[in-house]
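A.B. asks: Structure here, sequence nowhere to be found:
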């Protein structure tokens, strides 16, 4: 049995195809294929609030390709979720309609639902019930922050602050201030807070810092990596450091968001479990179809 998960983000569009074993308790899945296409819908959505015809057409072609791959893999169920860029685009509904014609039904979800789906990737299983955690997901268009204490979700908020927005100068000082104030207000009564970060950029930063996905990265270590990367031009980050073209620019504002939250929230370290929206979508499909 195979399930498909499609994440239509502001920077990239992803398809995860997973093989599900319904015999295990709890039901487990194994990743079979992961395809990532850097469409950069956010460049249009955040500046013009409209997806241009070239990106509109490429989006439909990508969904057609994903549909074909899901058919070849004999996917029995799937879910496609679009986030910040499609929320901001005035023609998001037109894209949904066009993609439905090629066999992919897309849900445009808000930041709160996006965060809930990501939690569903069993993030809480990685948490100690006696500890306090600040969970941070940094995307191209938005940042979701959630506080966990005593093994429960205490508070969660989505901010229109993401890597593509910052690169396109579409971030506002007020949003930065709102985010910092929210973090201060919700962390001030706790002495020790541990960070959990998700998204492609923190995964890459964690890989640069150490080879183990679950090894914590200190504030000082993350700041040193950020300063090292920022000392290179975009061109040299690609050709000298070997970063992918669509990662070499966004990794800088992503690090700035993580460092800001870690400093304001007094987080000594952060761990990147390398899960994301697509993992949460697969788990959501399992819960909907099999777990009950």
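C.D. replies: Cool, the structure landed. Only a predicted model underlies this, so the values are computations on that prediction, with no experimental measurement involved.

A.B. asks: show me where the stretch 101-250 of the chain has helices.
C.D. replies: In the stretch 101-250 of the chain, the helices defined using DSSP state H, counting those that start in this stretch lie at 111-119, 163-167, 173-187, 200-209, 219-230, 234-239, 245-248.

A.B. asks: Look up how far residue 108 lies from residue 231.
C.D. replies: From residue 231 across to residue 108, the span is 39 Å (CB to CB, to the nearest Å). All C-beta atoms are positioned from the backbone trio N, CA, C, and that covers glycine.

A.B. asks: go on, residue 150?
C.D. replies: 33 Å.

A.B. asks: Same question for residue 203.
C.D. replies: Counting by CB to CB, the gap from residue 203 to residue 108 is 25 Å.

A.B. asks: need the contact list for the residue nearest to residue 140 when sequence neighbours are not counted.
C.D. replies: Spatial nearest neighbour of residue 140, excluding adjacent residues (CB to CB, 6 or more residues apart in numbering): residue 10 at 2.8 Å. Residue 10 makes contact with 40-42, 45-46, 83-85, 139-142, 162-165, according to CB atoms under 8 Å, 6 or more residues apart in numbering.

A.B. asks: mind redoing it with 6 Å?
C.D. replies: Residues in contact with residue 10 (CB atoms under 6 Å, 6 or more residues apart in numbering) are 41-42, 84-85, 140-141, 162, 164.

A.B. asks: which helix is the longest one in the protein?
C.D. replies: helix 53-72 (DSSP state H).

A.B. asks: Okay, strands next: where are they in this protein?
C.D. replies: Counting by DSSP state E, the segments of the chain that form strands are 2-8, 13-21, 28-37, 77-82, 106-108, 132-138, 143-149, 152-159, 193-198, 217-218, 269-271.

A.B. asks: circling back: could you dump the contacts of residue 10 into CSV with distance to residue 115 and neighbour count added?
C.D. replies: Conversion of these to CSV gives the following (distance: CB to CB, whole Å; neighbours: other CB atoms under 10 Å):
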residue, distance to residue 115, neighbour count
41, 20, 32
42, 18, 32
84, 12, 31
85, 17, 32
140, 15, 30
141, 14, 26
162, 14, 31
164, 19, 26
